[in-house]
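Engineer: Provide a 3D model corresponding to the input given below.
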Amino acid sequence: MSKATLITLATTAMLAACTAPEPKPFGPVPTEAQLAWQRMEVNMFCHFGPNTFTGAEWGSGAESETVFAPTALDCRQWVDVASQAGMGGIILTAKHHDGFCLWPSQYSTHTVTDSLDILRALRTAIDDHNSDLHPPTSDLRTPNSELKMGVYISPWDRNHPTYGTDAYNEVFVNTLKEVHTNYGPFFEQWFDGACGEGPNGKRQRYDWPRFMQTMSELNPQCVVFSDIGPGCRWVGNEQGHCGDPCWSTLNTEGATPSDNKPAPSELETGHKGGAHWVPAEVDVSIRPGWFWHADEHPKTVDELMEIYYNSVGRNGLLLLNVPPDTRGRIPAEDSAVLVAFRQERDRIFSHDLTKGGIAHGTQLRGRRYRACNVLDTNYHTYWAAAGIHDTLYIGTPDPVMFNVIMLQEYIPLGQRVAAFHVECWQPWVNGGWVTVAEGTTIGYKRLLRIPPATASRMRIVFDSTMAAPVINRIALYNTQAQ
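Structural biologist: Numbers count the residues shown, from 1 in each chain. Just a heads-up that it's a prediction; the model follows:
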C-alpha cells in the first residue's frame with residue numbers, strides 16, 4: 001500500500017472521528033425543567049400551619065383560625081438557612097389536609113389574615129435574597145446561590161363545605177389559579193395524593209385531568225409532583241431512600257395520583273423501559289414528625305449523609321423537610337445540623353481524586369465524545385460509547401485511595417445503564433483486575449460506597465445496557481481524608 005493511500009486512509013479515519021453523529025436520545029428524556037430540577041439535588045420542605053401550634057400531624061379542619069399565631073415570623077431566616085445549607089429551593093405547605101390556607105384566599109374562610117400572609121412573606125424573602133446576589137449565580141456549591149420557590153397545595157380539605165361534591169373541584173382549580181397567579185412563578189407544585197373525608201363525611205373524587213391541565217396552562221415549566229408525576233413522582237416511602245435499581249421512567253397509563261397508583265415498591269424502583277420520564281423525589285423529615293413538635297429533635301449529620309447517599313446517590317432528588325417552630329423560625333439546632341450537613345458534603349465532594357487523570361474507552365466514537373469528557377466538570381460534555389458493551393478506563397498519575405465512586409449518565413439522552421461493575425488494577429492479586437463495586441442503574445447520579453481501595457487504574461464495565469452508555473462524569477472520593 002502506497003504512502004499516499006495510507007495518508008488518505010488516516011485522514012478519512014480522523015475526519016470520521018471528528019464528525020461522528022450525535023447519539024440519538026433513547027426512550028423518554030427529561031424536559032429542560034425536569035433536568036434543572038434534578039440538578040438542584042437537595043431542596044427544603046417547610047411544613048407550617050395550625051398543626052405547628054396544636055401538636056397534630058393531620059389537623060381536623062375544625063381548628064380556630066386564631067390558633068395559627070407565630071410570635072416572631074421571619075421567612076428571611078428560612079431563606080438564609082436554606083442558602084447556607086446548599087438547598088436549591090423551598091417548598092411551603094401552603095394548604096395542608098386541614099384546609100387552612102397560609103394566604104388570604106377568596107375561595108376559603110379558613111385562612112390567615114392579610115397581615116399574616118405567609119406565602120407573600122416567603123415570596124418576598126426569596127426574591128430579596130436573589131436580588132442581593134453579587135453577581136447572581138445558580139451554582140449550588142456556593143452559599144450565595146439563587147433559590148427557587150415551590151408550593152404544596154393539598155387537594156384534601158377537611159374544612160371546606162363543598163368538599164365531597166363536584167363543586168369542590170371548581171374551588172380547587174380556582175385556588176390553584178389564585179396561588180400561581182399572585183405568588184408565582186413556582187419551580188414545583190406538590191400534590192399530595194391523600195383523599196379522606198371532609199366536614200360532611202364525604203370523600204372527594206378529584207378531577208386530576210383538569211388539575212393537571214390547569215397547571216399546564218398556568219406554568220408549563222413548573223414540575224408537578226404527585227404519586228405518578230407527570231413532573232416527578234413520590235418515591236414510595238418516607239424513610240429517605242430510593243430503590244435499587246431506581247429508574248426515572250414510569251408507566252402511568254390508567255393510573256391516578258390517589259387511589260389507582262403503582263405499588264410503593266414500584267414507585268421506589270420505577271419501571272425499566274417505562275413510557276414516561278417521571279424521576280423520583282425523596283421526601284423525608286429532619287425530625288420524626290413533619291410539623292414542629294417541642295419534644296422532637298433533628299437527625300444527626302451522619303443520618304443525613306446516609307439519606308443523601310441513598311437518595312441523590314441513587315438517582316433521586318432529596319426533599320428534606322425542615323419545619324418552622326411556633327415563632328415562625330427554623331430552630332437553631334436544626335439550622336446547625338443543616339450547615340454541618342452541607343459542610344460534610346463539601347468536605348468530601350470538593351476533592352475529586354481523578355484530577356489530572358486520563359480516560360479512554362475501548363472504541364472511539366468520535367473526538368467530540370471522547371472519554372476524557374468524563375473527567376471535566378462541564379455537565380454537557382460526555383463520553384458516548386461506540387457500542388452497548390464498551391468499557392471505560394480511568395488512570396491517575398499516582399495511586400489514590402478512595403471509598404466513594406461517583407458516576408453520572410447524561411440523562412438528556414435518556415437512562416441506559418441497567419448493570420455495571422467497577423474494577424481496579426491490583427497486579428499483586430491473581431489476575432490483576434479486582435472488582436471493587438457493582439451497581440444497577442446510574443441515571444443522573446450514582447454514588448457507590450466501598451471499602452477503601454488504592455489504585456492508579458480502574459475500569460467501568462457496562463454489563464447490561466438498553467443502549468450505548470453515555471457518561472458525563474466519573475469521580476473518586478475519600479471520605480476519610482481531612
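Engineer: Tell me which helix or strand comes right after the helix or strand of the chain with the lowest mean pLDDT.
Structural biologist: Least confident element among the helices and strands of the chain, by mean pLDDT, DSSP states H and E: helix 3-18 (a mean of 42). Toward the C-terminal end, the helix or strand that comes next after helix 3-18 (DSSP states H and E) is helix 32-40.
Engineer: Quick check: buried residues in that following helix?
Structural biologist: Neighbour-count burial for helix 32-40, with 16 or more other Cβ atoms under 10 Å as criterion, is recorded at 33, 34, 35, 36, 37, 38, 40. Quick note: C-beta positions are derived from backbone N, CA and C, even for glycine.
Engineer: ok, now stretch 98-115?
Structural biologist: Applying 16+ other Cβ under 10 Å to stretch 98-115 flags 98-105, 107-108, 110-112 as buried.
Engineer: Output those in TSV; the columns should cover pLDDT and distance to residue 26.
Structural biologist: Formatted as TSV, the buried residues of stretch 98-115 follow (pLDDT from 0 to 100; distance: Cβ to Cβ, whole Å):
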residue	pLDDT	distance to residue 26
98	97	45
99	97	44
100	98	46
101	98	44
102	98	42
103	98	43
104	98	48
105	98	44
107	98	44
108	98	46
110	98	48
111	98	48
112	98	48
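Engineer: In JSON lines, list those along with secondary structure.
Structural biologist: What follows is the buried residues of stretch 98-115, written out as JSON lines (DSSP: H, G, I helix; E, B strand; the rest coil):
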{"residue": "98", "secondary structure": "coil"}
{"residue": "99", "secondary structure": "coil"}
{"residue": "100", "secondary structure": "coil"}
{"residue": "101", "secondary structure": "strand"}
{"residue": "102", "secondary structure": "coil"}
{"residue": "103", "secondary structure": "coil"}
{"residue": "104", "secondary structure": "coil"}
{"residue": "105", "secondary structure": "coil"}
{"residue": "107", "secondary structure": "coil"}
{"residue": "108", "secondary structure": "coil"}
{"residue": "110", "secondary structure": "coil"}
{"residue": "111", "secondary structure": "strand"}
{"residue": "112", "secondary structure": "coil"}
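Engineer: Tell me where the stretch 51-200 of the chain has strands.
Structural biologist: Counting by DSSP state E, counting those that start in this stretch, the stretch 51-200 of the chain has these strands, from start to end: 89-95, 148-153, 188-190.
Engineer: Those strands into JSON lines, with extra columns for mean neighbour count, mean pLDDT and distance to residue 461?
Structural biologist: Putting those into JSON lines (neighbours: other Cβ atoms under 10 Å; pLDDT from 0 to 100; distance: least, Cβ to Cβ, whole Å) gives the following:
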{"stretch": "strand 89-95", "mean neighbour count": "26", "mean pLDDT": "98", "distance to residue 461": "37"}
{"stretch": "strand 148-153", "mean neighbour count": "22", "mean pLDDT": "98", "distance to residue 461": "38"}
{"stretch": "strand 188-190", "mean neighbour count": "25", "mean pLDDT": "98", "distance to residue 461": "37"}
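Engineer: any chance of these in CSV, plus distance to residue 239?
Structural biologist: As requested, the strands of the stretch 51-200 of the chain are exported to CSV (distance: least, Cβ to Cβ, whole Å):
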stretch, distance to residue 239
strand 89-95, 19
strand 148-153, 20
strand 188-190, 19
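Engineer: for those strands, which one sits closest to residue 394?
Structural biologist: Among the strands of the stretch 51-200 of the chain, strand 89-95 comes nearest to residue 394, with 33.6 Å by Cβ to Cβ.
Engineer: Apart from its neighbours in sequence, what residue is nearest residue 87?
Structural biologist: Distances taken as Cβ to Cβ, 6 or more residues apart in numbering place residue 44 nearest to residue 87, at 4.6 Å, with adjacent residues excluded.
Engineer: Is the one you found bridged to anything, and to what?
Structural biologist: Applying DSSP bridges to residue 44 gives these bridge partners: residue 90, residue 320.
Engineer: Make sure it is actually in contact with residue 86.
Structural biologist: No - assessed by Cβ atoms under 8 Å, residue 44 is found out of contact with residue 86, at 10.2 Å.
Engineer: And the residue lying closest to residue 24 once chain neighbours are set aside, how far from residue 460?
Structural biologist: What sits nearest to residue 24 in space, not counting adjacent residues and going by Cβ to Cβ, 6+ apart, is residue 413, at 7.6 Å. As judged by Cβ to Cβ, to the nearest Å, residue 413 and residue 460 stand 17 Å apart.
Engineer: In terms of packing, which of the two has more residues around it?
Structural biologist: Using other Cβ atoms under 10 Å, the more surrounded residue of residue 413 and residue 460 is residue 460, with 25 against 21.
Engineer: any low-confidence regions in this protein?
Structural biologist: Counting by pLDDT under 70, the low-confidence segments of the chain come to 1-19, 134-144.
Engineer: and with 90 instead?
Structural biologist: Low-confidence regions of the chain, defined by pLDDT under 90, span residues 1-22, 133-145, 193-203, 258-261, 361-368, 386-390, 426-432, 481-482.
Engineer: Helices of that one, start to end?
Structural biologist: Listed from the start of the chain, the chain has helices (DSSP state H) covering 3-18, 32-40, 50-54, 75-84, 118-131, 166-183, 208-218, 264-269, 301-311, 332-349.
Engineer: want to try a markdown table for those helices, with distance to residue 426 as columns?
Structural biologist: Shown next, in a markdown table, are the helices of the chain (distance: least, Cβ to Cβ, whole Å):
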| stretch | distance to residue 426 |
| --- | --- |
| helix 3-18 | 33 |
| helix 32-40 | 35 |
| helix 50-54 | 55 |
| helix 75-84 | 42 |
| helix 118-131 | 49 |
| helix 166-183 | 57 |
| helix 208-218 | 53 |
| helix 264-269 | 33 |
| helix 301-311 | 25 |
| helix 332-349 | 24 |
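Engineer: out of those helices, nearest to residue 230?
Structural biologist: Across the helices of the chain, closest to residue 230 is helix 208-218 (Cβ to Cβ), at 6.9 Å.
Engineer: Touching that closest one from outside, list them.
Structural biologist: 155, 169, 172-173, 176-177, 180-181, 184, 189, 191, 222, 224, 226, 230, 256-258 (Cβ atoms under 8 Å, 6 or more residues apart in numbering).
Engineer: hey, where'd the strands end up in the stretch 251-400 of the chain?
Structural biologist: Counting by DSSP E, counting those that start in this stretch, the segments of the stretch 251-400 of the chain that form strands are 276-277, 280-285, 317-321, 358-361, 383-384, 391-409.
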